[in-house]
Each structure stands twice: as structure tokens, then as C-alpha cells.
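Visitor: Provided below for reference: sequence and predicted model.
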Amino acid sequence: MKTRHGTEKINPFNTGTHFYLEICVRLDHFIYILRWLWRSED
């Protein structure tokens with residue numbers, strides 16, 4: 001039994017968490033590439 005109020009409360013949280021995790025993963029890849037490029041120059 002889901003109420004409309006309950007789903008409205010859950011959906012933004014789920015999309016927000018997914019969006020946040022996606023940004024973290026992209027930042028992690030970006031930092032990894034930067035470190036690799038920085039090491040390759042030495």
C-alpha cells in the first residue's frame with residue numbers, strides 16, 4: 001500500500017542519490033586520469 005504522499009517523498013531522494021553517486025563516480029574517474037597523466041609526465 002503506497003500513498004501518493006509517500007511516493008512523492010521517496011522519488012526525489014532516489015533520483016538525488018543516484019545523481020550524487022554518478023557525479024562521485026565521474027569525479028573519481030577524472031581524478032584517476034589526472035593522476036595518471038601527471039605520473040606519465042615524470
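Guide: Received it, and whenever you're ready, just let me know what you need. Quick caveat: nothing in here was measured; it's all calculated off a predicted structure. Residues are numbered from 1 along each chain as shown.

Visitor: Now do residue 16 against residue 38, distance only.
Guide: 32 Å (Cβ to Cβ, to the nearest Å). Every residue, glycine included, has its C-beta placed from N, CA and C.

Visitor: and stretch 32-42, which residues are buried?
Guide: For stretch 32-42, burial by neighbour count (16 or more other Cβ atoms under 10 Å) applies to no residue.

Visitor: Name the SS class of residue 20, please.
Guide: Three-state assignment for residue 20 (DSSP: H, G, I helix; E, B strand; the rest coil): helix.

Visitor: same thing with the one 5 residues further on?
Guide: Per three-state DSSP, the secondary structure class of residue 25 is helix.

Visitor: and it, how many residues sit next to it?
Guide: 10 (other Cβ atoms under 10 Å).

Visitor: how much space is there between it and residue 31?
Guide: 11 Å.

Visitor: Residue 21 now?
Guide: 16 Å.

Visitor: Which strand or helix spans residue 35?
Guide: helix 4-41 (DSSP states H and E).

Visitor: quick one: average pLDDT of that helix?
Guide: Averaged over helix 4-41, pLDDT sits at 79.

Visitor: Could you count how many residues lie near residue 21?
Guide: Count around residue 21 with other Cβ under 10 Å applied: 10.

Visitor: That one: what's it in contact with?
Guide: Counting by Cβ atoms under 8 Å, 6 or more residues apart in numbering, residue 21 makes contact with nothing.

Visitor: Residue 18 - how many residues pack around it?
Guide: 10.
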